[in-house]
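J.: Based on what follows, work out the 3D shape:
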Amino acid sequence: MGYVHDTHMQQFIPPTMFHAVTGTWANAAGNVAHTIVLQKTAGAETATVTIPLAVPGNSSDEKGSKIASVEIDYEILTSAATSITATVWKIARGADGAVAVATQVTATQDLTAATDAADVDQHCLTVTITTPEYIDDDDYWFVELACVCGASTVLEFLGAQVNFTLRV
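T.: Numbering: from 1, shown residues only. Coordinates of the predicted model:
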């Protein structure tokens with residue numbers, strides 16, 4: 001019996017799955033017909049956007065999903081942000097009565113946080129996991145974006161794509 005080892009898997013994460021705090025946020029129609037966005041209205045603040053990386057885990061070693069990178073599509077409108085900085089987190093679920101444990105995952109982003117990632121434009125920010133690992137059935141992962149915005153900065157998140165290896 002064979003197995004699957006596919007190194008070219010992708011999973012789209014819609015903006016409706018993103019979680020945003022600080023600032024005024026709404027789901028809205030995108031600038032392109034037939035699209036939706038998670039939009040932050042203008043306001044000087046540091047907003048946090050959390051993107052769940054919803055891919056399969058597995059209780060067996062070396063099976064399930066191994067995340068290689070995440071591509072985040074967003075637009076900055078009106079005026080540049082101060083910076084857009086990505087952090088990847090792995091959360092180990094707590095057993096009944098125990099707290100979950102968050103561990104920062106070493107990753108890099110391809111756009112410089114305070115310049116390329118923050119200018120007025122359409123962006124595809126790629127966050128690459130430095131040492132990919134298979135996701136255990138007791139873990140979940142997410143990307144957290146710290147968005148430092150000026151008084152007139154408007155952000156629109158269109159979605160994200162998780163690139164991973166699937167082994168079953």
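
J.: and A33, helix, strand or coil?
T.: At A33, secondary structure determined by DSSP: H, G, I helix; E, B strand; the rest coil is coil.

J.: burial of it, as a residue count?
T.: Counted with other Cβ atoms under 10 Å, the burial measure for A33 works out to 6 neighbours. All C-beta spots, glycine's among them, are computed from the backbone N, C-alpha and C.

J.: Quick one: residues contacting K90.
T.: When the contact criterion is Cβ atoms under 8 Å, 6 or more residues apart in numbering, the partners of K90 are A102, T103, Q104, V105, D139, Y140, W141.

J.: tell me, how many neighbours does T7 end up with?
T.: A total of 11 residues lie near T7 under the criterion other Cβ under 10 Å.

J.: Might one say that it is in contact with N163?
T.: No - counting by Cβ atoms under 8 Å, T7 stays clear of N163, with 9.3 Å between them.

J.: what's the distance between the closest residue to V4 other than its chain neighbours and S69?
T.: Excluding the flanking residues, the one nearest V4 by Cβ to Cβ, 6 or more residues apart in numbering is V168, at 4.9 Å. Here the criterion is Cβ to Cβ, to the nearest Å. By it, V168 lies 21 Å from S69.

J.: in stretch 142-155, what's buried?
T.: F142, V143, E144, L145, C147, V148, C149, T153, V154, L155 (16 or more other Cβ atoms under 10 Å).

J.: neighbour count winner among V168 and S69?
T.: Neighbours around V168 and S69, counted as other Cβ under 10 Å, are more numerous at S69. The numbers are 18 against 12.

J.: tell me the contacts of that one?
T.: With Cβ under 8 Å, 6+ apart as the criterion, the residues that contact S69 are T126, V127, T128, I129, V162, N163.

J.: Mind doing that once more with 10 Å?
T.: S69 makes contact with 88, 107-110, 126-129, 132, 161-164, according to Cβ atoms under 10 Å, 6 or more residues apart in numbering.

J.: Assign it to helix, strand or coil.
T.: strand.

J.: In the sheet, which residues pair with it? Tell me.
T.: Listed beta-bridge partners, S69: T128, N163 (assigned using DSSP bridges).

J.: Next one: F157 from L125, what distance?
T.: F157 sits 10 Å away from L125 when distances are taken as Cβ to Cβ.

J.: Reduced to three states, what does T16 come out as?
T.: When states are read from three-state DSSP, the local structure at T16 comes out as helix.

J.: nearest spatial neighbour of it, skipping sequence neighbours?
T.: With Cβ to Cβ, 6+ apart as the measure, N27 is the residue that lies nearest to T16, at 6.2 Å, once sequence neighbours are left out.
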